[in-house]
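> Provided below for reference: sequence and predicted model.
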Amino acid sequence: MATDTLHRRGLMFILSSPSGAGKTTIARRLLEQDKEIRLSVSVTTRPMRPGEIDGKDYHFVSQAEFDRMVEEDEFYEWAHVFDHCYGTPKSQIRTGLKAGEDFLFDIDWQGTQQLYQKDQQDVVRVFLLPPSIEELRRRLNGRATDSEVVIQARMDRARAEISHWDGYDYVVVNDNIDLCFDKVRQILEAERMRRQRQTGLIGFVRELMK
Ligand SMILES: Nc1ncnc2c1ncn2[C@@H]1O[C@H](COP(=O)(O)OP(=O)(O)OP(=O)(O)O)[C@@H](O)[C@H]1O
Ligand SMILES: Nc1nc2c(ncn2[C@@H]2O[C@H](COP(=O)(O)O)[C@@H](O)[C@H]2O)c(=O)[nH]1
């Protein structure tokens, strides 16, 4: 029996979607209700939105600082998204994953691919779809955090983002927020029940088989 199955391995639980489909909303609710999962706080060069907190929602940095971090290989993955740079810093998750902690990633498909290539066994990829393109625009407008130019750029990119839907393990339509949240939570719970995620399972099974 492989020795690594004796230790619980942390999950890398990824939520992706076209911009505005609702992944941040679902992620926040999950983090509130599930104390066993932590957010991987990304680094970004985009300006802070009203209500966002530096260090909690993102680490907001200058382009020069982001470039330095790339140069010094401080990212698990990073990508250009909507004219800005976004990246997952290695520092916070490296130790946590080793210790068996679960991490939530709100990242795009480019980041998802990079994480999956590095660690297929521990990555769970969930993609959220909006119920319609019209509703996606309504949500971006309703959020009222971005200019019309920024919203249009995100809408222009939505179809391209959606085209990556088949690169995910699970796809959930975010129509009703409560139903969508329940489904995402069920996926997380089911993935936690996998053999290699359960601390002490092997010992327990051995006892049963004595
Ligand atoms: N099921 C839903 N029904 C109605 N409104 C929703 C639903 N889910 C999210 N919203 C609203 O849609 C807006 C966009 O949601 P959110 O910011 O979570 O999207 P996002 O996918 O994280 O976008 P981005 O990629 O730009 O960060 C928010 O105002 C949010 O309250
Ligand atoms: N590849 C990565 N993508 C990321 C990361 N952090 C966020 N994102 C994605 O960027 C867009 C835009 O986000 P917004 O907060 O400006 O609306 C969205 O799809 C995020 O999921 C990251 O570290 N790496």
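Okay, I see it. Ligands and ions are numbered 1, 2, ... in the order given.
> switch to C-alpha atoms for all contacts and neighbour counts from now on
OK.
> would you mind listing the buried residues in stretch 125-136?
For stretch 125-136, the neighbour count (16 or more other Cα atoms under 10 Å) marks 125-130, 136 as buried.
> and which of those residues is nearest to residue 176?
Nearest to residue 176, judged by Cα to Cα, of the buried residues of stretch 125-136 is residue 130 at 10.0 Å.
> run through the residues that contact the closest one.
21-22, 136, 173-175 (Cα atoms under 8 Å, 6 or more residues apart in numbering).
> mind putting those in CSV, pLDDT and distance to residue 70 included?
Output for these, formatted as CSV (pLDDT from 0 to 100; distance: Cα to Cα, whole Å):
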residue, pLDDT, distance to residue 70
21, 97, 29
22, 96, 29
136, 97, 33
173, 98, 34
174, 98, 34
175, 98, 37
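> quick one: which of those residues is most hemmed in?
residue 21 (26 neighbours; other Cα atoms under 10 Å).
> from residue 169, how far off is the residue nearest to that one when sequence neighbours are not counted?
Closest residue in space to residue 21, ignoring its immediate chain neighbours: residue 130 at 5.0 Å, by Cα to Cα, 6 or more residues apart in numbering. Distance, residue 130 to residue 169, by Cα to Cα, to the nearest Å: 17 Å.
> also residue 45?
Counting by Cα to Cα - residue 45 and residue 169 are separated by 29 Å.
> same question for residue 199.
Relative to residue 169, and taking Cα to Cα, residue 199 is found at 24 Å.
> and the strands in this structure, which stretches?
12-16, 37-39, 43-44, 59-60, 75-81, 84-89, 102-106, 123-129, 170-173 (DSSP state E).
> now for these, which one comes closest to residue 204?
strand 102-106 (22.3 Å).
> which helices and strands does that closest one pack with?
strand 12-16, helix 23-33, strand 37-39, helix 90-98 (3 or more Cα pairs under 8 Å, 6 or more residues apart in numbering; DSSP states H and E).
> could you report the pLDDT at residue 1?
According to the prediction, residue 1 has pLDDT 42.
> and residue 100, by the same measure?
87.
> what residues does the protein put near ligand 1?
Within the chain, the residues that sit near ligand 1 (Cα under 6 Å from any ligand atom) are 17, 19-25, 139-140, 142-143, 174-177.
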